[in-house]
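Colleague: I would like the atomic coordinates for the input below:
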Amino acid sequence: MANPSIAFITAHRLGDALSHTPTIRYLKQVFPNTDISIITTSPEAATVFEGNPNISQIYNTSRGISKELSGRRFDLSISSCKKKDAISIFQSTCGPQLILSGITQDRVKGQSKEQHKPIHVAVRSVEKLRQLFPNTPEFNDYRYELPFTDRDKQNVDDKLQKWGIVTQPLISLHLGCRSIRKRFGFGKKELAHEKAWRLGHATRFCQLLAEHHPEVRCLATGTQGEGTYTRQLANTCPNVIDAVDMFSIKEAAALMHHLKACIVPDTGMLHIASTTPVHIVGLYAVTDPAITGPYPGRTAHTAIQRDSIDAITGDMVFDAVHSALTTADAPVTHAPSAT
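Modeller: Now for the predicted structure:
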């Protein structure tokens, strides 16, 4: 007799998909003899779950519902993505279906805004499932998982060898996010996205790094949307290597194991870094690190939070990176609020 089956429809964005990896681990813990399938609506989300030991099968529906998936019956299908993205999948499969909306951020009656404790995105879906499946055990393991292969590791090693930086201390700097290209196009003189760190501040940081840590090299990572700016940064600062579009998702995870620190706004690369031990210097302007930052319980994270990305200066980021470079095991910290 076949094992019971669960289908989990995950969010399409990279960071959101990574935040669901603890949910999958929870489901496997509660239902160890169940075959769990992941259904994704983007290639990036599918990549996240490749090699995950808790997954039996992955269905990527970014180009439509496959014949293999169409008409398949699951003992339970759970959606944790936008309702409109799940409708076509639900219509094409059979069996009980559940839309998992997660836990809202509404304050408990009588609580002030200051007293309200935010709920991290990685916790919401697990807590919702624990409400639906009573008498399940406590769950506090919110580690993100992003398995990479020996080939991914070798590809990273080859690139570092080509650049001649295998033995040098390395950090990475990720200026923006994928929606820069979609919303602002190419050719802008300055990064205007609310999450993208400003080029002038990044240049100041790299100059301070060269002055105080001349042995360190900085890899400017990203996608084509940031390419114009990383090239400018590399042309201005000799300690910067333009590494835009040089690493796949899994290779980026492998790269983190070579780094002393990763500077990144709240975007997909932050969550890739969260799957590794690297010290993250997170830049937060429009999001709350307590909700969308590294998963609960992860150490080695300095959160720099301001009301605007323009207020995060190169000096602030240098101070955080300098601390990470000179401290063997830096604890979780938050930069002091602006006065």
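Colleague: how about the secondary structure of the spatially most central residue of the chain?
Modeller: Nearest to the geometric centre of the chain sits His271, at 1.9 Å (C-alpha atoms, centre = their mean). With DSSP: H, G, I helix; E, B strand; the rest coil as the basis, His271 sits in helix.
Colleague: that one: what's it in contact with?
Modeller: Residues in contact with His271 (C-beta atoms under 8 Å, 6 or more residues apart in numbering) are 14-15, 18-19, 144, 294. All C-beta spots, glycine's among them, are computed from the backbone N, C-alpha and C.
Colleague: go again using 6 Å as the cut-off
Modeller: His271 makes contact with 15, 18, according to C-beta atoms under 6 Å, 6 or more residues apart in numbering.
Colleague: ok, the closest residue to Pro22 other than its chain neighbours - contacts?
Modeller: With C-beta to C-beta, 6 or more residues apart in numbering as the criterion, Pro22 has its nearest non-adjacent residue at 4.5 Å, and that residue is Tyr142. By C-beta under 6 Å, 6+ apart, Tyr142 lies in contact with 22, 122, 295-297.
Colleague: tell me the SS of Tyr142?
Modeller: Recorded secondary structure, Tyr142: coil (three-state DSSP).
Colleague: average pLDDT for stretch 213-229?
Modeller: Per-residue pLDDT over stretch 213-229 has a mean of 90.
Colleague: quick one: it to chain centroid distance?
Modeller: Between the centre of stretch 213-229 and the centre of its chain there are 18 Å (C-alpha atoms, centre = their mean, to the nearest Å).
Colleague: quick revisit: with pLDDT and distance to Ser62 added, can I get the contacts of Tyr142 in a markdown table?
Modeller: Output for the contacts of Tyr142, formatted as a markdown table (pLDDT from 0 to 100; distance: C-beta to C-beta, whole Å):
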| residue | pLDDT | distance to Ser62 |
| --- | --- | --- |
| Pro22 | 97 | 23 |
| Ala122 | 94 | 23 |
| Tyr295 | 96 | 25 |
| Pro296 | 94 | 30 |
| Gly297 | 91 | 32 |
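Colleague: I'd like to know which of those residues are buried.
Modeller: Neighbour-count burial (16 or more other C-beta atoms under 10 Å) applied to the contacts of Tyr142 gives 22, 122, 295.
Colleague: so, low pLDDT: which residues of the stretch 1-150 of the chain?
Modeller: 1, 101-116 (pLDDT under 70).
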